[in-house]
Structure formats: structure tokens, C-alpha cells
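A.B. asks: sequence and predicted structure, then a few things I'm wondering about:
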Amino acid sequence: MSRFTQKHPHLLPQLTLFAASIIWGSSFFLMKRVIAVFPTFYLLALRFTIAASLLSLIFRKRLQTLQPRHLKAGLIIAVTFFLAYLFQTVGLKGTTPGKNSFLSAVYCVLVPFLCWGIEKKPPARAHIVAAFLCIVGVGLVSLTQHFSISWGDGLTLVCGVFFALNIIASAHYSQTIDVILITIMQFAISAVFCWICAFFTEQWPAAVTPSCLGELIYLALFPSMLAYLCQNYGLKHENTSTASIILCLESVFGVLFSVLFYGEQLSLKLILGFAVIFTSVLISELKPKWLG
């Protein structure tokens, strides 16, 4: 096994990124059900607290290496993470799980442009073409027959910006900080933000069914704890472009799970929009030679 991984050093990181995309894809239709019971901040606070607590317990020896200089990185990653999930979760109330998953994946196209602003390196022609196609695809997915975008679609697009920033920050800091520490700080700091917001703005749900509680625990263990361990490990050992194209597959799995378990209907217009968005992501990340 060691010889095989030495010959294919990127295989394990790519497999962990692929696993993260599948896990996230499975969470959208569950989130739609859980968010109908739990207010947004309480839901996120519970998810992140459970994930941070279990990771701290399992990797308690790693916490001994945590230093004050790490907190700046943890804060930056946690703020982008918190805002991304806030806009995505609230946006899910006003759109379908499939549309929520696909519109969230727009971060793959946004990453190069945000890197341009941070690193002062202009995007390639492929990225410009991809951005145009992405706008067309978003229109096909989001615009109704009255040519209006739902508020849920709009908030989901905003979450894509923060997911892009989170990927850039996580990839940058994972080169010098243990990915376990990054993941724990990401959840712990975000949980504090959520508990504060929940205390001042929301009320605890009047009744929680056992099935809803089980789905909440699943969201904490798999789409939160396990998936982000996989993502942060993959971002440490794989270049950002390759990682993004693998992670964007969560939108494909999101639609698949939504159709199978949530009963979402796929219209021709929606399928075409998904295809255009996915094509834009492929062009953005693979940069075909014919585009120069």
C-alpha cells in the first residue's frame, strides 16, 4: 500500500475530497427537514459544538500543540466558515435542496477571481469564459417564469462567496498549521458565534422528534466533522484548482440525493442550468488549451 501511495501521492487527498463531496451532497435534503424544526443559529451551534467537542476529545493530544499565533488563522477561517453556513442555511428556507447545493458550488468559479484580488494575479481567459457561463447557468436555475430570483437563491449565492474565501484561507494556513487544529478551531469559534446569535435572536424549538434529533446528529458527525477533516486534509496535499473541481461534485450529489429522497422534480430548464454551471466549473479548473 505504501509503494502504491508513493507512486500516486495525490490519490489519497483526492479520495478524501471526493468523500467530502459525497457526504455534503447527502446533507442538503436532511438540512431542509431539520431547519424546519430548529432555528438557524441553534441548528448551526449544535452541529459545530458536537463536531468541535468530539474532535477535541479524539485528538486531545494535538490540542497541546495549539499556540496563540494559531488563533489568528483559526479566527479568519472560522469567520468565513460561519458566514458561509449562515447564508446557506437561511437560504435553504427559500429554495430547494437541489438548487441550494448547485448554487453553493459557484465558489469554484469565484476562487480564481478572489485570488486575483488577494495575490494580484489576473485570471486566465478560461476563468473569464467560465464566469460568463456560470452567470447563464445561475439564471437558468434561479430565474422563475417572471424573471425573478427567489430570496433563498440570492442568499445561497452570497454563501458561495464565503465558501470561496474559506477554501482560500484553509488552503493557505494548512501549509503551516496542523489540519486537525484548523478543523477544531473552525468549529469551536464558529459555535461561539452561533450560540451568541441564537441567545439574542431565537427561541428553542417547542418540540423535537427523535427522527429530527437523529438527523441533527448525522449532520454534526458526517457533513460537519468528517467532511471538513477530509476537505482540510485534501487542501493541504492537493492544489486548490484540483481540489475545487472535486469538491464541486457535492452539487451533483446534492441534486441526486434530493431527487431520490426529497422528491424534487427536475425540469428541462433546471437540468440545462445545472449542466451549464457544471461546464463552467470544469472550464474554470481544467483550463482547456483551446482557450489559450
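C.D. replies: Sure thing, it's come through. Numbering: from 1, shown residues only.
A.B. asks: roughly how far does the nearest residue to T240 once chain neighbours are set aside sit from P68?
C.D. replies: Residue nearest to T240 in three dimensions, not counting chain neighbours: A171, with 5.0 Å by Cβ to Cβ, 6 or more residues apart in numbering. To be clear about C-beta, it is placed using only N, CA and C from the backbone, and glycine gets the same treatment. Between A171 and P68 the distance is 23 Å, computed by Cβ to Cβ, to the nearest Å.
A.B. asks: which of these two has more neighbours?
C.D. replies: Per other Cβ atoms under 10 Å, whichever of A171 and P68 has more neighbours is A171, with 21 against 6.
A.B. asks: was I right to think the more buried one contacts L247?
C.D. replies: No - in this structure, A171 is not within contact of L247 by Cβ atoms under 8 Å, at 11.2 Å.
A.B. asks: for this structure, which spans come out with low pLDDT?
C.D. replies: Along the chain, segments meeting pLDDT under 70 span 1-10, 142-147, 241, 262, 264, 285, 292.
A.B. asks: what's the spatially most central residue of it in contact with, if anything?
C.D. replies: Against the mean C-alpha coordinate of the chain, by Cα atoms, centre = their mean, the closest residue is F163 at 5.8 Å. Counting by Cβ atoms under 8 Å, 6 or more residues apart in numbering, F163 touches T80, A84, Q88, S104, Y107.
A.B. asks: got the phi and psi for it?
C.D. replies: phi -60, psi -40 (degrees, to the nearest 10).
A.B. asks: how close does it sit to S27?
C.D. replies: Taking Cβ to Cβ, one finds F163 at 14 Å from S27.
A.B. asks: kindly report the same for G94.
C.D. replies: 18 Å.
A.B. asks: same question for L66.
C.D. replies: Taking Cβ to Cβ, one finds L66 at 28 Å from S27.
A.B. asks: can you check S56 too?
C.D. replies: 22 Å.
A.B. asks: which one's more surrounded, these two?
C.D. replies: Between S56 and S27, counted using other Cβ under 10 Å, the more crowded position is S27 (23 against 15).
A.B. asks: leaving out the residues flanking it, which one is nearest to the more buried one?
C.D. replies: P223 (3.9 Å).
A.B. asks: same thing with A130?
C.D. replies: Distances taken as Cβ to Cβ, 6+ apart put S284 closest to A130, at 3.6 Å, once the chain neighbours are dropped.
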